[in-house]
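**Student:** The amino acid sequence is not available; the structure is as follows:
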DNA sequence: AGCTCATGGCGAG
DNA sequence: TCGCCCTGAGCTG
């Protein structure tokens, strides 16, 4: 399930499988049939990712805009095509690869100006090498909203979701309830830099990894057979692995927030 | 078989 | 702030 790292990952896979290739497009589910017919047999000129938005470009004339929402995914397969499930909104294929789009919140055929319109309402994406953190900082420093809400606001920073939010705030010892206006620039810059690293790391295989190797204890590995993969996200009621305080959970602006009150203040 | 939950985001009120 | 949309995994019975 997707935050910005997944979208970068899927854009990379799309380029590997489809860039500069003539694509066959179908909509087994039927809900994208007319649009699929438009791009069918066109060349994919490349994939773009910004935050949680994926853009698949065709002949530099059309782009398929995909937003996966909570449940969506783009499944890549190699080799002979199997029969698609009837929930597949869009199947893209060549002789070598096929990719099935499942349960997207958004899947729309756009012209280039439609893409620009979407990009305009998004904040900088930390995973982009040329992203400008000042755009995010300008909004944060003026806001009375909590840093927890601001990190989830895609018009402030694009690509952070509920897992990265919780883990970034923990890793920087930041209270989630700090108003943006009370953040220091140094603190924000450290969160930004950390998000660059974590998103890049996650985009390699589409998996979120936020726990430093030194915080995955031998005991834990023995006990669970594998490392626990977060500091606070979904660790409610468990002991913080740094200070042993109890990890808290609370609904905050409609989403579950996880934090350690001792480490994060 | 049915229920619940999930790493999102939109529009109504 | 709530309800709703998209789907599937992991429970419960």
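**Tutor:** Cool, the structure landed. Source: prediction; values computed, not measured.

**Student:** Near DNA strand C, which residues of the stretch 1-150 of chain A are found?
**Tutor:** A:29, A:69, A:70, A:71, A:72, A:85, A:87, A:89, A:102, A:103, A:105 (Cβ under 7 Å from any atom of the strand). C-betas here are computed from N, CA, C, even on glycine.

**Student:** ok, of these, which one's closest to residue A:264?
**Tutor:** Set against residue A:264, the nearest of these by Cβ to Cβ is residue A:70 (25.6 Å).

**Student:** hang on, the earlier thing: could I get the residues of the stretch 1-150 of chain A next to DNA strand C as a markdown table with secondary structure and pLDDT?
**Tutor:** A markdown table is the format used below for those (DSSP: H, G, I helix; E, B strand; the rest coil; pLDDT from 0 to 100):
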| residue | secondary structure | pLDDT |
| --- | --- | --- |
| A:29 | coil | 95 |
| A:69 | coil | 95 |
| A:70 | coil | 93 |
| A:71 | coil | 93 |
| A:72 | coil | 96 |
| A:85 | coil | 93 |
| A:87 | coil | 95 |
| A:89 | strand | 97 |
| A:102 | strand | 96 |
| A:103 | coil | 96 |
| A:105 | coil | 95 |
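
**Student:** May I see the PyMOL selection of the buried members of those residues?
**Tutor:** Selecting only the buried entries of those in PyMOL, with 16 or more other Cβ atoms under 10 Å as the criterion:
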select buried, chain A and resi 29+72+89+102
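
**Student:** How about the contacts made by the residue of chain A found nearest DNA strand B?
**Tutor:** Proximity of chain A to DNA strand B (Cβ to the nearest atom of the strand) peaks at residue A:161, 2.0 Å away. By Cβ atoms under 8 Å, 6 or more residues apart in numbering, residue A:161 lies in contact with A:2, A:3, A:4, A:52, A:152.

**Student:** So which of the residues you listed sits lowest on pLDDT?
**Tutor:** In terms of pLDDT, the weakest of the contacts of residue A:161 is residue A:2, which scores 92.

**Student:** Contact residues of chain A facing DNA strand B?
**Tutor:** A:1-3, A:6, A:51-52, A:67, A:69-71, A:105, A:152, A:154, A:161-163, A:208, A:234, A:254-256.

**Student:** Verify the stated contact: residue A:155 with residue A:122.
**Tutor:** Yes - at 6.4 Å, residue A:155 and residue A:122 qualify as touching, with contact defined as Cβ atoms under 8 Å.

**Student:** Show me which of these two is the more surrounded one.
**Tutor:** residue A:122 (17 against 14; other Cβ atoms under 10 Å).

**Student:** in stretch A:254-265, what counts as buried?
**Tutor:** So for stretch A:254-265, counting by 16+ other Cβ under 10 Å, buried means A:257, A:258, A:259, A:260, A:263, A:264.

**Student:** Are that stretch and DNA strand C in contact anywhere?
**Tutor:** Yes - counting by Cβ under 7 Å from any atom of the strand, DNA strand C is contacted by stretch A:254-265 at residue A:254.

**Student:** Quick one: end-to-end distance for that stretch.
**Tutor:** 22 Å (Cα to Cα, to the nearest Å).

**Student:** any residues touching that stretch, and which ones?
**Tutor:** With Cβ under 8 Å, 6+ apart, stretch A:254-265 has contacts from A:148, A:152, A:162, A:165-166, A:169-170, A:173-176, A:231-236, A:240, A:242-243, A:245, A:247-251.

**Student:** ditto for stretch A:201-216
**Tutor:** A:3-6, A:8-10, A:12, A:127, A:163-164, A:167-168, A:171, A:198, A:227-231, A:233, A:241-242.

**Student:** Any regions of the stretch 151-265 of chain A where pLDDT drops low?
**Tutor:** Low-confidence segments of the stretch 151-265 of chain A, defined by pLDDT under 70: A:218-227.

**Student:** how would you label residue A:90: helix, strand or coil?
**Tutor:** Three-state assignment for residue A:90 (DSSP: H, G, I helix; E, B strand; the rest coil): strand.

**Student:** What of residue A:199?
**Tutor:** Residue A:199 ends up helix, using three-state DSSP.

**Student:** what about the residue nearest to it when sequence neighbours are not counted, distance to residue A:103?
**Tutor:** Of all residues not flanking residue A:199 in the chain, residue A:127 sits nearest, at 4.5 Å (Cβ to Cβ, 6 or more residues apart in numbering). Shown here: residue A:127 relative to residue A:103, a distance of 23 Å by Cβ to Cβ, to the nearest Å.
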